[in-house]
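[1] next input, structure requested:
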Amino acid sequence: MIFRAFVTPLVGVLLLPTAAFAQTRPDTVRRADVRRLESALADDSMEGRLTGSAGGAKAARYIAAQLQAAGLRPMGDSGYFQRVPVSATDSGIDLRRSFTDSAPGRHETAVNVLGLLQGGDPKLKGEIILVDAHYDHLGIGRPVNGDSIYNGADDDASGTVAVLSVAKALAAGPRPKRSILFVLSTGEEEGLLGTRWLIAHFPVSLDSVVANLETEMIGRPDSLAGGEGRGWLTGYDRSTMGSILRGAKIPIVADPRPEQHFFERSDNIAFAQRGIPAHTLSSFGMHADYHQPSDEVSRIDFPHMTSVINSAVRAVALLANGALPVWNPGGRPASP
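    Modelled structure (predicted):
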């Protein structure tokens, strides 16, 4: 999650009562699988998953293998990978305008990782629910207590695991009515680089995206949201997504810290600014390990994280099969 902030309103269509989808595949995701994925992505061997780095590339290959194992259709320009041109200088990492752009710095190719679960309804499969998280983190940096690897177990290996777990669960079940595009993006920590490139080079028409649910930092409970097993949604009242989830009795509540402006602080804002009802699911409780080497797997609460992921499975199934969220009056952010 970053501190920097950087597409027409859609009409909701009620297909079936939301309660029909509230019970979709309860407790589908197993804690052991969550631990396995989380431990791999936040391992020291991933070197903090810095954008454009060898560790970031290793993480992307691992993620692509999980999407392939789930049976998702590759949607990148190179299999599951969408290449993203970046340049690295002493002052940071930035997005190049193209692969031939001679911007200053060391030119690298980072990647977003994309997979599609095709919808099964002939009339609705052209509508896409975007489910995403960023998999990058801060790489190797200033040592703290002898540790220089910023593993980002909560930020955002936890969200990446959620997206992979939702993809696996829904791909194994009845085919949803709408299509679901799963995206694991790079460069969020550097200023939404991967998402900015994705929007400019979307694999299908961006107008076909009807809702976006991102997952960011769900590895620990937040007492203000109700503790273990409960997540919260950024911009809860900006659209009807919050009320849709509440009506289905999915334990996802309103962001308890609106003063932190989390709605504007992750990849969802780039889609919201283009008119797509886009929100982030989180349970970040302002822990002191944020952006520190101490954000390790040992600090993850796996019972809590697994419960939140199972809520995400239900939420995505609901969006893919039921009513579409629409902006509430005054809820849509201004265009960029």
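[2] what is the end-to-end distance of stretch 223-230?
    9 Å (Cα to Cα, to the nearest Å).
[3] assign the closest residue to residue 83 other than its chain neighbours to helix, strand or coil.
    Nearest residue to residue 83 in three dimensions, chain neighbours excluded: residue 109, at 5.2 Å (Cβ to Cβ, 6 or more residues apart in numbering). For every residue, glycine as well, the C-beta is placed using N, CA and C. Look at residue 109: counting by DSSP: H, G, I helix; E, B strand; the rest coil, its state is strand.
[4] tell me how far residue 109 lies from residue 135.
    16 Å (Cβ to Cβ, to the nearest Å).
[5] equivalent analysis for residue 299, please.
    18 Å.
[6] compare these two (neighbour count), which wins?
    Set side by side, residue 299 and residue 135 show more neighbours around residue 135, with 32 against 15, by other Cβ atoms under 10 Å.
[7] pretty sure that one contacts residue 50?
    No - between residue 135 and residue 50 there is no contact under Cβ atoms under 8 Å: 11.0 Å.
[8] quick one, helices of the stretch 101-250 of the chain?
    159-172, 193-200, 241-247 (DSSP state H, counting those that start in this stretch).
[9] I'd like those as a markdown table, with mean pLDDT appended.
    Putting these into a markdown table (pLDDT from 0 to 100) gives the following:
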| stretch | mean pLDDT |
| --- | --- |
| helix 159-172 | 97 |
| helix 193-200 | 98 |
| helix 241-247 | 97 |
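[10] just those helices: most buried one?
    helix 159-172 (a mean of 26; mean count of other Cβ atoms under 10 Å).
[11] determine the set of other helices and strands touching that helix.
    The contact analysis (3 or more Cβ pairs under 8 Å, 6 or more residues apart in numbering; DSSP states H and E) places helix 159-172 against helix 31-41, helix 54-70, strand 106-117, strand 128-134, strand 179-185, strand 209-215, helix 302-321.
[12] mean pLDDT and distance to residue 150 added to these, as a markdown table?
    Below are these laid out as a markdown table (pLDDT from 0 to 100; distance: least, Cβ to Cβ, whole Å):
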| stretch | mean pLDDT | distance to residue 150 |
| --- | --- | --- |
| helix 31-41 | 98 | 13 |
| helix 54-70 | 98 | 10 |
| strand 106-117 | 98 | 17 |
| strand 128-134 | 98 | 14 |
| strand 179-185 | 98 | 18 |
| strand 209-215 | 98 | 20 |
| helix 302-321 | 98 | 20 |
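[13] so which of these comes closest to residue 82?
    Minimum separation from residue 82 across these (Cβ to Cβ) falls at strand 106-117, 4.3 Å.
[14] the closest one: how far from the chain's middle?
    Offset of strand 106-117 from its chain centre (Cα atoms, centre = their mean, to the nearest Å): 14 Å.
[15] returning to that earlier point: distance to residue 261 for the helices of the stretch 101-250 of the chain - can I get that in a markdown table?
    Formatted as a markdown table, these follow (distance: least, Cβ to Cβ, whole Å):
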| stretch | distance to residue 261 |
| --- | --- |
| helix 159-172 | 18 |
| helix 193-200 | 17 |
| helix 241-247 | 17 |
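[16] if we can go back for a sec, who is the residue nearest to residue 83 paired with across the strands?
    residue 85 (DSSP bridges).
[17] so what's it up against?
    Residue 109 makes contact with 52, 83-86, 99 under the criterion Cβ atoms under 8 Å, 6 or more residues apart in numbering.
[18] list buried residues within these.
    52, 84-86 (16 or more other Cβ atoms under 10 Å).
[19] can you tell me the centre-most residue of this protein?
    Among the residues of the chain, residue 133 comes closest to the average C-alpha position under Cα atoms, centre = their mean, at 1.9 Å.
[20] gap between that one and residue 157?
    On the measure of Cβ to Cβ, residue 133 and residue 157 end up 9 Å apart.
[21] now residue 105
    27 Å.
[22] who's more crowded, those two?
    residue 157 (29 against 15).
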